[in-house]
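In: Sequence and computational prediction follow.
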Amino acid sequence: MTTLLGVALFVLALMVAIFLHEGGHFVTAKLFGMKVERFFLGFGPTVWSFRRGETEYGIKALPLGGFCKIAGMSPYESDSNFLEEDRAARRRAARAGGDDGSGGVAAPPRPEPTDPSRQFRNKPAWQRAVVLAAGSFTHFVVALVLIWVVLVAIGIGTGQATTTVQRTVPTTQSGSPAPAQAAGLRSGDQIVAIDGRRVGSFEELRAALADKGGERITVTYVRDGQEHETTLVAADENGRGFLGFQPTEQTRRVGPIAALPQSADLFWDTTVATVKGLGGLVSGIADRMSAPQPEPGVGGGGGGGDGTGGPIGIVGITRLAGQAVASNQWAIFIAILIQLNIVVGVFNLLPLPPMDGGYLAFVGWQVLTRREVDLRKVVPVAALIVGLLVMLTVGLVWLDITNPVPDPFR
């Protein structure tokens with residue numbers, strides 16, 4: 001496997017998540033009889049679109065999200081929300097001589113005004129709330145399904161270490177280079193013998209290294225189904241031989257039925273941890289900015305920061321997903337997708353405009369006070385929040401590039 005394949009798979013999974021998110025809004029809006037005018041993936045200039053019925057579907061140039069345009073979400077919007085192809089035809093008609101009947105190419109007929117009963121703002125509050133929450137709900141469903149897949153197909157840790165390398169460490173406790181990394185051992189390698197002595201468990205491996213501190217030994221390991229050997233000098237740590245790697249944990253698969261409640265428990269625990277993590281977002285960025293650069297040759301192989309914590313931007317997440325696939329760590333790759341879906345789902349429900357959670361808060365306010373929120377007054381607040389989000393995104397991308405988290409699989 002290659003890192004590029006992992007990156008491509010992650011980007012594909014991200015686009016599917018965006019499609020499902022907007023699809024949640026689309027399906028529920030249609031279910032309640034609302035008029036959906038546009039369903040697009042991406043932002044910016046339109047690359048391709050087509051019209052089917054009353055809805056225009058398409059793809060835009062910047063794959064940074066998507067949108068589902070439902071008629072009547074704002075009482076101040078014009079009812080003449082022409083589809084993109086209609087607007088383009090009108091522009092062509094105007095350039096050719098006008099569309100007012102004085103000559104030139106006739107413009108397409110204006111669409112009929114939307115029936116008030118099909119407009120979003122005129123639907124019952126509970127229907128509007130369902131439509132707004134449907135996007136995040138799809139992320140939570142995806143996360144639950146992926147957790148179930150991991151439990152059934154891959155398994156969960158039992159707490160028992162194995163002889164398979166999860167990652168190598170750069171240095172020993174004394175600060176000297178760790179022998180495993182220097183000898184070329186890497187994530188996924190399974191150690192099967194020390195100086196010809198077969199080892200089948202981590203305890204047997206520790207026993208085989210007990211009196212090898214400071215000695216040159218031959219390590220036999222399996223990589224991609226083939227046995228290999230490497231010679232190294234075991235580090236001496238308190239009289240015991242030390243190779244310098246973190247072992248993978250033994251896993252246990254769960255039956256399809258038993259996995260259902262366990263999936264719900266793991267989903268809840270991860271969601272709670274995500275909510276708590278959002279509270280430390282600013283301090284986490286500060287930690288990453290102040291993290292020291294590792295000395296040459298000592299870093300974890302990622303070429304940057306020490307990975308001591310802090311949020312990771314989309315560039316860093318994409319890189320990590322690619323590294324996981326390159327190291328054949330599919331469980332970690334799926335775990336990244338699970339965490340991403342939960343983070344996006346929770347973040348989108350924050351009661352801040354222009355998030356779906358902000359509009360949900362408006363619906364709640366209307367139910368409690370019997371008054372609509374004046375969206376014209378909300379625009380400056382929404383613009384400020386969007387600006388802060390853009391700054392956050394740009395800042396995390398800059399950190400991902402200038403101070404990347406080290407490759408944890410080396």
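Out: Alright, I've got the coordinates. Residues are numbered from 1 along each chain as shown.

In: Give me the pLDDT for the residue nearest in space to the middle of the chain.
Out: The residue lying closest to the centre of the chain (Cα atoms, centre = their mean) is L340, at 2.9 Å. L340 is assigned 92 on the pLDDT scale.

In: Find the nearest non-adjacent residue to it, please.
Out: What sits nearest to L340 in space, not counting adjacent residues and going by Cβ to Cβ, 6 or more residues apart in numbering, is I317, at 6.7 Å. All C-beta atoms are positioned from the backbone trio N, CA, C, and that covers glycine.

In: next structured bit after the host helix or strand of the one you found?
Out: According to DSSP states H and E, I317 maps onto helix 314-326. Proceeding N to C from helix 314-326, the next assigned helix or strand is helix 330-348, under DSSP H and E.

In: show me where this protein has strands.
Out: Using DSSP state E, the strands of the chain run over residues 36-52, 55-70, 156-168, 190-194, 197-198, 216-223, 226-233, 235-237, 240-242, 245-252.

In: Who does the nearest residue to A234 once chain neighbours are set aside form a beta bridge with?
Out: When the adjacent residues along the chain are set aside, A234 lies closest to G241, with 3.7 Å between them (Cβ to Cβ, 6+ apart). Judged by DSSP bridges, the bridge partners of G241 are D236.

In: who touches G241 in this structure?
Out: 209-215, 217, 234-235 (Cβ atoms under 8 Å, 6 or more residues apart in numbering).

In: quick revisit: tell me which of the strands of the chain sits nearest to A264.
Out: Across the strands of the chain, the minimum distance to A264, taken as Cβ to Cβ, is reached by strand 156-168, at 14.1 Å.

In: Just give me how far the closest one sits from the chain centre.
Out: Distance of strand 156-168 from its chain centroid, counting by Cα atoms, centre = their mean, to the nearest Å, is 25 Å.

In: That strand: which residues count as buried?
Out: Using 16 or more other Cβ atoms under 10 Å as the test for burial, strand 156-168 gives 156, 161-168.

In: same thing with stretch 221-241?
Out: 221-222, 230, 232, 234-236, 241.

In: on that earlier part again, right, and the residue nearest to the centre of the chain touches T318 too?
Out: No - using Cβ atoms under 8 Å, L340 is not in contact with T318; the gap is 10.2 Å.

In: My guess is R253 contacts A153. True?
Out: Yes - proximity of R253 to A153 meets the contact threshold set by Cβ under 8 Å, at 7.3 Å.

In: and the closest residue to P351 other than its chain neighbours, how many neighbours?
Out: Among residues not flanking P351 along the chain, A361 sits closest, at 4.1 Å (Cβ to Cβ, 6+ apart). For A361, the tally of surrounding residues (other Cβ atoms under 10 Å) stands at 18.
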